[in-house]
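Visitor: coords below, sequence missing:
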C-alpha cells in the first residue's frame, strides 16, 4: 500500500511538471507597442542654429564641430535658424570627399550629397531629406569663405 501511494504521488508530480496535459496553448508575446514595423518610416528632426560663421552654440567648429545623429534612410526634418547677420547653408558632403580650399559651391557641386537652400540673415527654414547610408558625413556652409570655420558632422547609424 505504501508503494502504491509513493507511485501515485510520483505520477502526479510528473504530470504537473509536464503541464498536466492541458489543451490550452501557451500565449505568444505580442511585439512591443513602440517597436517599429518594417513598413514604418523612421523620422528624425534636427534643429540647427546658424551664427555668423559657426553652427551650434560655440564658435569653435574647427576644433569641436557639432554632431547631429540620425538613422540611415530616415526622413529628416531640418529646422534651420539663422541667428547671424550673414546668409548660410547646411550642406552634407559626400562621404570621404576631400574638400578643396577655398570651397566654391558652383565649382564643387560633385562633392555635395544634399544641400539646403540658402537661409537669409535672421530667417528660418524647414526642409526635409532622406538620410544617406550609415557613415560619417561632413556638413559645411557653402557660402564663400564660411568653410572651414563653419562645419559639423552628420553621423548616420
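Guide: Noted; the coordinates are in hand. Please read these numbers as outputs of a predicted model, since none were measured by experiment.
Visitor: confidence score at the residue most central in space within the chain?
Guide: Relative to the mean C-alpha position of the chain, the nearest C-alpha, by Cα atoms, centre = their mean, is the one of residue 70, at 1.2 Å. Here, the pLDDT recorded for residue 70 equals 98.
Visitor: and it, how far from residue 151?
Guide: The gap separating residue 70 from residue 151 is 17 Å, by Cβ to Cβ, to the nearest Å. Glycine gets a C-beta too; all of them are placed from N, C-alpha and C.
Visitor: can you list the weak-confidence ranges in the chain?
Guide: Filtered on pLDDT under 70, the chain yields the residue ranges 1-41.
Visitor: any chance you could map the helices in it?
Guide: In the chain, the helices defined using DSSP state H lie at 2-17.
Visitor: the residue nearest to residue 142 when sequence neighbours are not counted - how many residues pack around it?
Guide: Distances taken as Cβ to Cβ, 6 or more residues apart in numbering put residue 105 closest to residue 142, at 4.0 Å, once the chain neighbours are dropped. For residue 105, the neighbour count with other Cβ atoms under 10 Å is 18.
Visitor: also residue 69?
Guide: So residue 69, with other Cβ under 10 Å, has 12 neighbours.
Visitor: wait, it touches residue 155, no?
Guide: Yes. Between residue 69 and residue 155 there is a contact under Cβ atoms under 8 Å: 4.5 Å.
Visitor: can you list the buried residues in stretch 51-71?
Guide: 51, 53-56, 61, 65-66, 68, 70 (16 or more other Cβ atoms under 10 Å).
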